[in-house]
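Novice: pasted the sequence and its predicted model underneath.
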Amino acid sequence: MPELAEVEFYRKQWDASLAQAVARVAVHANKRIFRGTDVRVMTRALPGLRYRESFARGKQMLFRFGGQAWIGIHLGMTGKLRSEQLPFRPTKHDHLVITLKTVALVFRDPRQFGRVHFHQGTQPPDWWTKIPPAPTDRGFTQKLVEQFLARHRRLPIKATLLLQRGFPGIGNWMADEILWQSGVAPARKTAQLSETEVHRLWTTIRNVCRTAMRTIGRDFSDPPLDWLFHQRWSRTGLCPRHKTALNCAVIGGRTTVWCAKCQPS
DNA sequence: GTAAATGTTCGGGC
DNA sequence: AGCCCGAACATTTA
């Protein structure tokens, strides 16, 4: 389920054991989540290093071990992080298990759309440094949004919001929530939005992300009850404002839910 | 049995 | 080169 706030929640699941040293690393080495990673180098480098700190930017996470070993994790569609008491026996989808002194750090991902990176160096890896500002960052300015929208003029706004180069951390449910709260129909082309609508979009993006971080991101508690979030999962969901049936269609390749009254075409 | 799932990445067309 | 679309990836659940 991981978008911005869920990623933040999962990142913290490993932090209970900060400063403990790695005892051993167990992996399902041939799984897809390790594509592009030298698993052998990783499993040999980590033992003995202490788990030092973690970061999240958009949907990406970065974990530092010792002075110069880094694990990057993307949760894909079904990835989750958790800590388990020892002794811990991994099951089928627990593809990465880092055993520390008193706990095991576990990355589980049934569908394996997620990914594990391993990087060595005193500085974080390049792909991490180059992640653009997320909606919760100071650098996420209206001007930046305008420039990004201008590069995707013919794309439905729903599809544009899903592009991680412009909106790191926004995923399918957040995009629907943002569009509903902004009163913008998802199928409208980016270029068709008025200045007012772009401004409202920018404000709403920041509000939705901030609120999601304070609820889901903090302890996985529910976001406000009047959000579309609570209605969009079921086929019988209703618009929180009008109590009328929601529309549902594939837009930008993804299931999209909206209210025709709140979001006129 | 079939469809759909909170995500990226690739190849092809324009 | 940059933009846009659709298929592909792997597994579980409704």
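Specialist: Sure, I can see it.

Novice: what are the ranges of the helices in chain A?
Specialist: A:4-12, A:39-45, A:126-129, A:142-150, A:157-161, A:172-182, A:195-219 (DSSP state H).

Novice: among these, which is nearest DNA strand C?
Specialist: Shortest separation from DNA strand C across those is recorded for helix A:157-161, at 5.4 Å, computed as C-beta to the nearest atom of the strand. C-beta here means a position set from N, CA and C on the backbone, and glycine is covered the same way.

Novice: could the helices of chain A go into JSON lines alongside distance to residue A:231 and mean pLDDT?
Specialist: JSON lines is the format used below for the helices of chain A (distance: least, C-beta to C-beta, whole Å; pLDDT from 0 to 100):
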{"stretch": "helix A:4-12", "distance to residue A:231": "18", "mean pLDDT": "97"}
{"stretch": "helix A:39-45", "distance to residue A:231": "42", "mean pLDDT": "98"}
{"stretch": "helix A:126-129", "distance to residue A:231": "36", "mean pLDDT": "96"}
{"stretch": "helix A:142-150", "distance to residue A:231": "26", "mean pLDDT": "97"}
{"stretch": "helix A:157-161", "distance to residue A:231": "17", "mean pLDDT": "98"}
{"stretch": "helix A:172-182", "distance to residue A:231": "9", "mean pLDDT": "98"}
{"stretch": "helix A:195-219", "distance to residue A:231": "15", "mean pLDDT": "98"}
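
Novice: residue A:259: how many residues sit nearby?
Specialist: 23 (other C-beta atoms under 10 Å).

Novice: confidence score at it?
Specialist: If you check residue A:259, the pLDDT there is 97.

Novice: what's near enough to touch residue A:43?
Specialist: With contact set as C-beta atoms under 8 Å, 6 or more residues apart in numbering, residue A:43 has these partners: A:25, A:27.

Novice: how are the strands of the stretch 51-200 of chain A distributed by residue range?
Specialist: A:51-57, A:60-65, A:69-74, A:80-85, A:94-99, A:103-108, A:115-120 (DSSP state E, counting those that start in this stretch).

Novice: tell me if the first one is near DNA strand B.
Specialist: Spelled out, that is strand A:51-57. No. Strand A:51-57 stays clear of DNA strand B (C-beta under 7 Å from any atom of the strand), getting no nearer than 11.2 Å.

Novice: switch the helices of chain A over to a markdown table; also include distance to DNA strand C.
Specialist: Shown next, in a markdown table, are the helices of chain A (distance: least, C-beta to the nearest atom of the strand, whole Å):
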| stretch | distance to DNA strand C |
| --- | --- |
| helix A:4-12 | 17 |
| helix A:39-45 | 16 |
| helix A:126-129 | 18 |
| helix A:142-150 | 8 |
| helix A:157-161 | 5 |
| helix A:172-182 | 12 |
| helix A:195-219 | 16 |
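
Novice: in CSV: the strands of the stretch 51-200 of chain A, plus mean pLDDT and distance to DNA strand C.
Specialist: Below are those laid out as CSV (pLDDT from 0 to 100; distance: least, C-beta to the nearest atom of the strand, whole Å):
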stretch, mean pLDDT, distance to DNA strand C
strand A:51-57, 98, 21
strand A:60-65, 98, 18
strand A:69-74, 98, 12
strand A:80-85, 97, 12
strand A:94-99, 98, 10
strand A:103-108, 98, 10
strand A:115-120, 98, 11
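
Novice: pipe those into TSV and attach distance to residue A:198 and mean neighbour count per row.
Specialist: Output for those, formatted as TSV (distance: least, C-beta to C-beta, whole Å; neighbours: other C-beta atoms under 10 Å):
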stretch	distance to residue A:198	mean neighbour count
strand A:51-57	24	18
strand A:60-65	26	21
strand A:69-74	29	21
strand A:80-85	35	16
strand A:94-99	41	23
strand A:103-108	38	22
strand A:115-120	32	18
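
Novice: alright, calling it a day.
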